[in-house]
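Enquirer: Provided below are the primary sequence and the corresponding predicted coordinates.
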Amino acid sequence: MPVRTRPAPVADPAPSTAPPTSAASPNGAEAPSGAATPARPRPVPRPRAAVDARTLRQDNWWIAPVFTVAVLTGFTVYGIWAALRNGNYFAKPYLSPFYSPCLTSNCADDATPHIFGNINPVSPALLILVFPLGFRLTCYYYRKAYYRSFWWAPPACAVPDARRGYSGETKFPLLLQNAHRYFFYFALVFAALLTYDAVLAFIFPGGKFGVGVGTGVLVVNSALIWCYTLSCHSCRHLCGGGLKLLSKAPLRRRVWAQLSVLNRNHMWFAWASLLWIMVADFYVWLVASGTITDPHWIS
């Protein structure tokens with residue numbers, strides 16, 4: 001795509017600020033003291049060169065958006081399968097994060113109250129996934145990720161957009177991205193529920209305390225979810241925003257500073273927590289379906 005050049009500016013004489021002085025005339029006579037000194041013209045910058053290449057980047061800038069497309073597409077396909085399979089999501093004491101909390105009477109676990117009736121053949125996961133999904137879809141980092149990878153707007157720095165027009169997030173459906181701050185409150189509830197599931201993963205049949213591979217999987221899942229949720233920009237703004245002087249609120253300042261440390265790694269927590277959800281669900285499915293046996297120790 002050819003790059004339009006900027007027209008070269010026309011040189012204009014700079015006004016002289018020197019005081020009037022006497023100067024010699026060409027014939028050797030002294031010029032009147034009130035004569036102005038001739039102004040020296042400003043240098044004219046060279047116009048930008050016309051570049052026919054789409055971008056001047058020589059590195060493999062396309063790897064990042066292609067990788068993002070592959071991972072997000074893979075997670076979408078897996079998530080649809082996990083949410084619609086409606087079975088093998090509970091192997092006591094492990095509950096898949098895709099089905100937590102399970103709120104229908106046909107749920108296989110008793111971790112949370114079954115406030116809805118039997119909705120078979122509809123999967124109970126469909127009742128709750130809208131909240132964590134909405135939190136991730138409107139996440140500031142994920143917006144950058146799928147804007148660049150799927151829409152190429154732009155796909156990378158110093159690479160032009162695939163589309164000429166740009167309207168930002170001012171039109172539907174992108175206008176709904178402003179709901180991210182409200183999805184954050186639901187995300188806190190789900191992080192607490194997944195922590196509750198991790199605690200129950202230590203209690204094996206008969207009420208005995210135990211530790212299994214599934215226990216570690218769910219504990220790691222809970223920790224990553226908390227890191228991703230608390231490193232969120234909305235959480236950081238909630239703790240430190242709306243203040244003219246952070247020094248006037250020392251407690252909020254300390255909390256904001258700690259969250260800022262997490263926020264620097266928000267991208268890594270976003271990817272790690274996303275992939276680990278699949279790991280946790282797949283492990284529970286393997287155990288619940290009888291494909292593998294969960295190695296564990298019971299006191």
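Expert: Thanks, I have it.
Enquirer: for the stretch 51-200 of the chain, just list every one of the helices.
Expert: All helices of the stretch 51-200 of the chain, identified by DSSP state H, counting those that start in this stretch, fall at 63-85, 130-137, 140-149, 180-200.
Enquirer: centroid-nearest residue for this protein?
Expert: The centroid of the chain falls nearest to residue 141 when counting by Cα atoms, centre = their mean (1.7 Å).
Enquirer: got the contact list for the residue lying closest to residue 102 once chain neighbours are set aside?
Expert: Closest residue to residue 102 apart from its sequence neighbours, by Cβ to Cβ, 6 or more residues apart in numbering: residue 124 at 5.1 Å. (C-beta placed from N, C-alpha, C; glycine too.) Shown in contact with residue 124 (Cβ atoms under 8 Å, 6 or more residues apart in numbering): 86, 99, 102-104, 106-107, 116.
Enquirer: what pairs with the lengthiest strand in the chain, and is each one parallel or antiparallel?
Expert: Using DSSP state E, we find that the single longest strand of the chain is strand 208-212. Here strand 208-212 has these sheet partners by DSSP bridges: strand 203-204 (antiparallel), strand 296-298 (antiparallel).
Enquirer: of those strands, which stretch is the most buried?
Expert: Mean neighbour count (mean count of other Cβ atoms under 10 Å) peaks for strand 203-204 among the strands paired with strand 208-212, with a mean of 17.
Enquirer: quick one: average pLDDT of that one?
Expert: Mean per-residue pLDDT for strand 203-204: 94.
Enquirer: what's in contact with it?
Expert: Here strand 203-204 makes contact (Cβ under 8 Å, 6+ apart) with 92-93, 209-210, 212, 296, 298.
Enquirer: around residue 180, count how many other residues there are.
Expert: 21 (other Cβ atoms under 10 Å).
Enquirer: distance of it relative to residue 259?
Expert: 16 Å (Cβ to Cβ, to the nearest Å).
Enquirer: ditto for residue 129
Expert: 26 Å.
Enquirer: ok, residue 212 next?
Expert: 33 Å.
Enquirer: so where do the strands sit in the stretch 1-150 of the chain?
Expert: 90-91, 94-95 (DSSP state E, counting those that start in this stretch).
Enquirer: tell me what the last one is packed against?
Expert: Applying 3 or more Cβ pairs under 8 Å, 6 or more residues apart in numbering; DSSP states H and E, one finds that strand 94-95 makes contact with helix 213-230, helix 266-288.
Enquirer: and it, which strands flank it?
Expert: Sheet pairing for strand 94-95, assigned by DSSP bridges, gives strand 90-91 (antiparallel).
Enquirer: and residue 264, how many neighbours?
Expert: Neighbourhood size, residue 264 [other Cβ under 10 Å]: 9.
Enquirer: count of residues packed around residue 174?
Expert: Other residues near residue 174 number 14, with proximity taken as other Cβ under 10 Å.
Enquirer: just to revisit the earlier point, highest mean neighbour count out of the helices and strands packed on strand 94-95?
Expert: Comparing these by mean neighbour count (mean count of other Cβ under 10 Å), helix 213-230 ranks first with a mean of 21.
Enquirer: check which element follows that one along the chain.
Expert: Next along the chain after helix 213-230, taking DSSP states H and E as the criterion, comes helix 233-240.
Enquirer: and the gap between residue 218 and residue 287?
Expert: In terms of Cβ to Cβ, residue 218 sits 12 Å off from residue 287.
Enquirer: whoops, residue 294 was the one
Expert: Distance of residue 294 to residue 287, computed by Cβ to Cβ: 5 Å.
Enquirer: equivalent analysis for residue 73, please.
Expert: Counting by Cβ to Cβ - residue 73 and residue 287 are separated by 27 Å.
Enquirer: what's the answer for residue 174, then?
Expert: Taking Cβ to Cβ, one finds residue 174 at 41 Å from residue 287.
Enquirer: swap in residue 251?
Expert: Residue 251 is 44 Å from residue 287, by Cβ to Cβ.
Enquirer: re earlier: and for residue 294 and residue 287, which residues touch both?
Expert: If you check residue 294 and residue 287 against Cβ under 8 Å, 6+ apart, the residues they both contact are 91, 94, 214.
Enquirer: low-confidence ranges, this structure, go.
Expert: Filtered on pLDDT under 70, the chain yields the residue ranges 1-37, 48-52.
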